[in-house]
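Enquirer: I would like to see how this sequence folds:
(2 chains)
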Amino acid sequence: MSVSNQLYQEVILDHNRKPRNWGALAAANHRAEGHNPLCGDHIVLTLDVGGDGTLAALGFEGEGCAICKASASMMTTVVKGKSVSEAETMVQQFRDMATGKLDPERDPHQLGRLKVFAGVKDLPSRVKCAILPWHTLLAALHRDPVASTEDPTS
Amino acid sequence: MSAVIEHRPNPPFDIERDIDQIRADFPILSMRVGDKPLVYLDNAASSQMPQRVIDRIVRYQTHEHSNIHRAVHYLSETATAQYEAARGKVRAFINAGSEREIVLTSGTTDAINLVMHGYGRKFVDAGDEIVISAIEHHANIVPWQMLCEERGAKLKVIPVTDAGELAFDAYQALLNPRVKLVCITHVSNALGTIVPIKDYIDAAHLHGIPVLVDGAQAAPHLPVDVQALGCDFYAFSGHKVCGPTGIGVLFGRAEWLEKMQPFKGGGDMISSVSFEKTTYNVIPYKFEAGTPPIMAAIALGEALDYLSEIGLSTIARREHELLAYATDEVSHIGGLRIIGTAERKAAVLSMVVEGIHPHDLGTLLNEDGVAIRTGHHCAQPVMTRFKVPATARASFAFYNTFAEVDALVASLKRAKSVFGVG
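Expert: Numbers count the residues shown, from 1 in each chain, chains lettered A, B, ... in the order given. Now for the predicted structure:
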């Protein structure tokens, strides 16, 4: 299957057209902005982390390509209801999958249908588009106001 | 030297007639991307290199390399002669009056920074003004911002119309005795606009203000005559004129270069050094500290010979035909909008397609072997002005074909069908 057919599947195109959890949460207790200075992708993520340590609600908005927007949209649906540590594990797994360190067909993971993003590993210039929302999630959880794809530690 | 060159018909070239020979001069153009032939439409970012320039690099490194301006041995004298011959070719290419006015730099960015340090830090003070335009590349914005911040000067910006043309009346209103330099592009890399630069130079000179022209996008695409233009500085890059990266040119009028302070200190830019006092070398060497990119300079000279043999007027005409054809073809694609519709344009087609982000477009086109540039093109203020986050930019060179334009159009249509938009 061609790279674009593999990546631009209906599920990604659908989340791009109709992003879930779009908008800013009114009652957010965590917030971070993610920015990719190379391509201009920019998202704002707001979280409501409940007293029990689970992600009760998430909202995002911004400007980005289909890969970035769909990744953000699917991320918000998948991590909702998860504990902070579960979400952190998923960030790590998603990042490993997008950079080719984790093969979702072979290695254990909790990414579920997020594995549609596995093909991005073959498009080095687009890896950051897919990962940006996840960096932003980590930044929000850790109360860093800004995440950048150019942060050398990220 | 490749056999293809020797069998060339004599100029004037008819590029359409000779296109197979011209394309054969560029080995990279026959490569494939995956199972698709490469369609290289990113020439505004960097052009490709003809075999004869590649051969020149090999010959230099095989038979001529040494450091220049130093030793008395054979190789050093050969390398020095070839390096200076390249300076002569650059002079002829832009019709400068003297080789003393040709400073070899690492690129356009380096050339502009040289003027910022050499002229700006010497002649610009608090309360002075620098005029740039709204369609500049970051390389002709950021150095001036840095200078203004350091000196307490003000940056003034010539506005741009919705078509992507500069507003000449507004420009004239910005000119006053506080303006110490006008820095303006000859051709916009993001929009393709050809600025009627002579009018801008003449208007500045009426006020005694010198003008720097960023010629990075113009030098590859149209004839440049710095004496006819009357500009004070003109900068361009080697890798956009079929030469290598790492080499660029600053033309500066001798009277300015003489008055300017050196940019970098080091070897070659001095005539004598003691711990008490250093005397600087004469121009242009005053601005060429350290060992320069000798190989790249010689290769640039060869590339300029190549372009000159085809003829810049012929190249400009060919690229205009490609642009006109491409503009017409993409205008039939629903939901596609061209950003930059100036009356006079170089072969740059900046596009946005409704419902598809430019980066997704770039990825999908790449799969068809079509190489375009997507992003802000180092011109974020242009993107802001036209209210787009980025564009998909196809830029043509004389070696591109009408069939490649067709491939671009087919690929754009395929991208739309993948995204289900039209």
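
Enquirer: excluding its backbone neighbours, what's nearest residue B:171?
Expert: Leaving aside its sequence neighbours, residue B:171 sits nearest to residue B:158 (C-beta to C-beta, 6 or more residues apart in numbering or on different chains; 4.5 Å). For every residue, glycine as well, the C-beta is placed using N, CA and C.

Enquirer: check contacts around the one you found.
Expert: B:131-134, B:166-167, B:170-171, B:174, B:184 (C-beta atoms under 8 Å, 6 or more residues apart in numbering or on different chains).

Enquirer: For the buried ones among those, write the corresponding ChimeraX selection.
Expert: The buried subset of those, as determined by 16 or more other C-beta atoms under 10 Å in any protein chain shown, is captured in ChimeraX by this line:
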select /B:131,132,133,134,166,171,174,184
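
Enquirer: So for the longest helix along chain A, what gets flagged as buried?
Expert: Counting residues, the longest helix found in chain A (DSSP state H) is helix A:124-141. Using 16+ other C-beta under 10 Å as the burial criterion, the residues of helix A:124-141 that qualify are A:126-141.

Enquirer: Of these, which are in range of chain B?
Expert: Taking C-beta under 8 Å from any C-beta of the partner chain, the overlap between these and the neighbourhood of chain B is A:126, A:129.

Enquirer: Tell me the one among the buried residues of helix A:124-141 nearest to residue B:142.
Expert: Of all these, residue B:142 sits closest to residue A:128, with 23.0 Å by C-beta to C-beta.

Enquirer: where does that closest one sit relative to residue B:49, distance-wise?
Expert: The gap separating residue A:128 from residue B:49 is 30 Å, by C-beta to C-beta, to the nearest Å.

Enquirer: so which residue of the stretch 51-200 of chain B comes closest to chain A?
Expert: At 11.7 Å from chain A, residue B:138 is the closest residue in the stretch 51-200 of chain B, using C-beta to the nearest C-beta.

Enquirer: count of neighbours near that residue?
Expert: When neighbours are counted by other C-beta atoms under 10 Å in any protein chain shown, residue B:138 registers 15.

Enquirer: Residue A:127 contacts residue A:118, doesn't it?
Expert: No - with contacts defined as C-beta atoms under 8 Å, residue A:127 does not count as touching residue A:118, sitting 11.3 Å away.

Enquirer: Now do the shared contacts for the two.
Expert: Residues touching both residue A:127 and residue A:118 (C-beta under 8 Å, 6+ apart): residue A:98.

Enquirer: Spell out which parts of chain B neighbour chain A.
Expert: Chain B comes close to chain A at residues B:355-360, B:363-364, B:367, B:374-376, B:383, B:389-390, B:418-420, as judged by C-beta under 8 Å from any C-beta.

Enquirer: Drop anything exposed from the residues you listed.
Expert: Buried subset of those (neighbour count, 16+ other C-beta under 10 Å): B:355-360, B:363-364, B:367, B:374-376, B:383, B:389-390, B:418-419.

Enquirer: Now do the strands in the stretch 301-422 of chain B.
Expert: Under the criterion DSSP state E, counting those that start in this stretch, the stretch 301-422 of chain B contains strands at B:336-339, B:348-353, B:370-371, B:373-375, B:391-395.

Enquirer: which parts of chain A sit against chain B?
Expert: Chain A comes close to chain B at residues A:2-5, A:7-8, A:13, A:17, A:38-40, A:63-67, A:123, A:125-126, A:129, as judged by C-beta under 8 Å from any C-beta.
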